[in-house]
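*Asks:* Generate a structure from the sequence data that follows.
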Amino acid sequence: MTAQIEKQTIMVIEKVLQSIHNKDYQSILNHVDEMEIDDIDSLFQFVQGTLELNGYDSIDEYGVPCDFHPKYEYSQMSFYEYDDNSGVAVDYDLTSDSELVDMCLQMKFLYTADGGMRSVFVGIDPR
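*Replies:* Here you go, the predicted model:
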């Protein structure tokens with residue numbers, strides 16, 4: 001994966017996380033090319049309910065530092081290149097108030113014939 005592709009994926013993820021943080025879930029559609037989720041409202045009712053059950057208000061925006069006790073080295077974002085070179089899957093572990101919330105944003109970025117990339121919102125996976 002090139003640095004340019006990584007930069008493009010991060011830009012999309014940053015916008016998606018900003019929409020999630022602002023609880024403006026419908027605006028996610030403005031930042032991705034495709035959704036694998038049929039009912040985005042139900043998905044985020046689940047996400048918000050899970051947050052509230054655990055004493056959190058909202059998902060943090062991209063770049064908010066994650067606090068660990070005790071501190072250890074950790075990567076919040078993982079990239080998985082497809083074996084057929086058709087794109088990359090990205091998992092981004094979600095936080096609230098700088099603490100992990102046991103949910104993961106999952107996205108795909110598929111390469112297009114014209115050298116571009118197509119972004120796909122896969123969902124939020126409970127961990």
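*Asks:* When you work out contacts or count neighbours from here on, use the C-alpha atoms and nothing else.
*Replies:* OK.
*Asks:* Counting by contacts, list what the longest helix seen in the chain packs against.
*Replies:* Criterion DSSP state H: the longest helix present in the chain is helix 3-21. Using 3 or more Cα pairs under 8 Å, 6 or more residues apart in numbering; DSSP states H and E as the contact definition, helix 3-21 packs against no other helix or strand.
*Asks:* Give the buried residues for that helix.
*Replies:* 5, 9, 12-21 (16 or more other Cα atoms under 10 Å).
*Asks:* ok, so what distance separates Tyr82 from Ser96?
*Replies:* 30 Å (Cα to Cα, to the nearest Å).
*Asks:* One more: Arg118?
*Replies:* Distance from Arg118 to Ser96, by Cα to Cα: 28 Å.
*Asks:* If you count surrounding residues, which of these two has more?
*Replies:* Applying other Cα atoms under 10 Å to Arg118 and Ser96 shows that Ser96 carries more neighbours, namely 18 against 14.
*Asks:* Across the sheet, point out what pairs with that one.
*Replies:* The partner list for Ser96 in beta bridges (DSSP bridges) reads Glu99.
*Asks:* for stretch 29-45, the distance to its chain's centre please.
*Replies:* Mean-position distance between stretch 29-45 and its chain equals 12 Å (Cα atoms, centre = their mean, to the nearest Å).
*Asks:* Tell me where this structure has helices.
*Replies:* Ranges of helices in the chain, per DSSP H, are 3-21, 40-53.
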